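K.L.:
Dropping a prediction and its sequence here:
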Amino acid sequence: MRINRFLFVTMVASTVFSPLARSTDVEPVDHIVSSQVVSDEVVSGDSYTGDMGSCPAGSPCASGSNGVGQIGVGGFGGGLGSYIGDLARGGRAGDLSSCQPRTYGYPDLFYNYYTQGNCNSTNAQMYISPVPVPPNVGHTYITYQPFMAHEMLYQHKDRFHNYYDGGRGMNHTKVHYFAPPVKTAASNIYWNYLRIPR
Amino acid sequence: MKRYILSVLAVVAMATSASTPSAQAVDPYARTQRWSNQVAAQRPWHGGYYYLPTGQPTALIVPPTAHMRQTLSWGVSQNLMYPLNHQFGRNASSPGALAPGSFQATPHWPSHTDQFGVYYVRGPW
């Protein structure tokens, strides 16, 4: 009897938890918001399709930069080591070689997405969304990754991790991107059946 | 009797857990993702035409769950469907934008949907 009851509890538990486990198995790759220097510096000598191809003479993009700036999006090019947490390095009496300074990392302000592949004659950057703007208009940074517009394209859930303190700490944000079913159905009826195509 | 009820419940629970639909179980190892990446590495994401407002081929972002695109042209046999292989990724790839004039303009009388210079690229996961 006890075995039977255990079997039943196990079955119920597997029923309840199996969708969870399954969804974590097949979820796409998590976004690791890493704390390393990531900037657009590698492409600073180039321009992308989103920057508009028609550069007016004398504009930054005509001179070879991407319209964002030569030091890249993060602006870290000349500013390495100038963060608050790095003040603890040096300048103190005593043996600091074994001391770990308090660091804040170099968080990812904004990083773009690009078309991939080896056979492209030109490449496009994904942001600025929804449409590209000329380089003299400016740029928009989306600094909070869960709010990036491409996450709103489909219904899913996603996790954003940030490891810190040498891997001893982890910040974990889980986001559910959800489409209300009634509103979505009404919208589908309007856009697919009622709207006059023009 | 109690044992019988428990056994029935266990069987029902097992059947329920086995038949829970999982939408993504058809491709648990994401093989289609790998195929798409391999195919996308060997084909450009764009055609030979530029989009008039931008002067370059322009990527139209579609959800990463989208699978196919359709091209339309004159004639009954020219409505073709291709898989949507290209997807935005984190690697900054080169070259960037080409000089104006590297691509063709949309003809005055377009005969193919690719001639408008807008090409689908799936958004990242």
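P.N.:
Right, received. Where do you want to start?
K.L.:
which of the residues in stretch B:108-116 are buried?
P.N.:
B:His112, B:Thr113, B:Asp114, B:Gln115, B:Phe116 (16 or more other Cβ atoms under 10 Å in any protein chain shown). To be clear about C-beta, it is placed using only N, CA and C from the backbone, and glycine gets the same treatment.
K.L.:
show me the contacts for the second one.
P.N.:
With Cβ atoms under 8 Å, 6 or more residues apart in numbering or on different chains as the criterion, the residues that contact B:Thr113 are B:Thr71, B:Leu72, B:Ser73.
K.L.:
Look at B:Ala97 and give its secondary structure.
P.N.:
coil (DSSP: H, G, I helix; E, B strand; the rest coil).
K.L.:
one step back: can you lay out the buried residues of stretch B:108-116 as CSV showing secondary structure?
P.N.:
Output for the buried residues of stretch B:108-116, formatted as CSV (three-state DSSP):
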residue, secondary structure
B:His112, strand
B:Thr113, helix
B:Asp114, helix
B:Gln115, helix
B:Phe116, helix
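K.L.:
biggest separation within the residues you listed, which pair?
P.N.:
The span of the buried residues of stretch B:108-116, defined through Cβ to Cβ, is set by B:His112 and B:Phe116 at 8.6 Å.
K.L.:
Can you tell me which helices and strands the strand or helix carrying A:His161 packs against?
P.N.:
Here A:His161, judged by DSSP states H and E, is contained in strand A:156-164. Where contact means 3 or more Cβ pairs under 8 Å, 6 or more residues apart in numbering or on different chains; DSSP states H and E, strand A:156-164 is packed against strand A:31-32, strand A:169-177.
K.L.:
what comes into contact with the longest one?
P.N.:
Residues external to strand A:169-177 that are found in contact with it (Cβ under 8 Å, 6+ apart): A:146, A:151-152, A:154-164.
K.L.:
strands paired with it, and their directions?
P.N.:
Strand A:169-177 pairs in its sheet with strand A:156-164 (antiparallel), by DSSP bridges.
K.L.:
hmm, back to that, for the helices and strands packed on strand A:156-164, which has the smallest mean pLDDT value?
P.N.:
Among the helices and strands packed on strand A:156-164, strand A:31-32 carries the lowest mean pLDDT, at a mean of 56.
K.L.:
picking up where we left off before, want to throw the helices and strands packed on strand A:156-164 into JSON lines with mean neighbour count?
P.N.:
Shown next, in JSON lines, are the helices and strands packed on strand A:156-164 (neighbours: other Cβ atoms under 10 Å in any protein chain shown):
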{"stretch": "strand A:31-32", "mean neighbour count": "15"}
{"stretch": "strand A:169-177", "mean neighbour count": "11"}
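K.L.:
Just send the ones you listed back as CSV, with distance to B:Gln87 too.
P.N.:
Formatted as CSV, those follow (distance: least, Cβ to Cβ, whole Å):
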stretch, distance to B:Gln87
strand A:31-32, 15
strand A:169-177, 18
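K.L.:
of all those, which lies closest to B:Arg3?
P.N.:
Between B:Arg3 and the helices and strands packed on strand A:156-164, the shortest separation by Cβ to Cβ is 41.4 Å, and it involves strand A:169-177.
K.L.:
Please save the CA atoms from that closest one in CSV.
P.N.:
This file holds the C-alpha atoms of strand A:169-177, laid out as CSV (Å, rounded to 0.1, in the frame of the first residue of the first chain):
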residue,chain,number,x,y,z
GLY,A,169,26.8,35.8,-7.5
MET,A,170,24.2,35.5,-10.2
ASN,A,171,21.4,37.9,-11.0
HIS,A,172,18.5,36.2,-12.7
THR,A,173,15.6,37.8,-14.5
LYS,A,174,12.9,35.7,-16.0
VAL,A,175,10.5,37.3,-18.4
HIS,A,176,7.3,36.0,-19.9
TYR,A,177,6.4,37.5,-23.2
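K.L.:
After it, which helix or strand is next?
P.N.:
helix A:181-189.
K.L.:
those helices in chain B, which residues are they?
P.N.:
Remark: helices assigned in chain B by DSSP state H are B:2-18, B:31-41.
K.L.:
Is chain A within reach of the shortest one?
P.N.:
Yes. Helix B:31-41 lies within reach of chain A by Cβ under 8 Å from any Cβ of the partner chain, at B:Asn37, B:Ala40, B:Ala41.
K.L.:
residue contacts, A:Asn118?
P.N.:
Counting by Cβ under 8 Å, 6+ apart, A:Asn118 makes contact with B:Ala41, B:Gln42.
K.L.:
Looking at the helices of chain B, spot the one closest to B:Ala66.
P.N.:
B:Ala66 lies closest to helix B:31-41 among the helices of chain B, at 11.2 Å (Cβ to Cβ).
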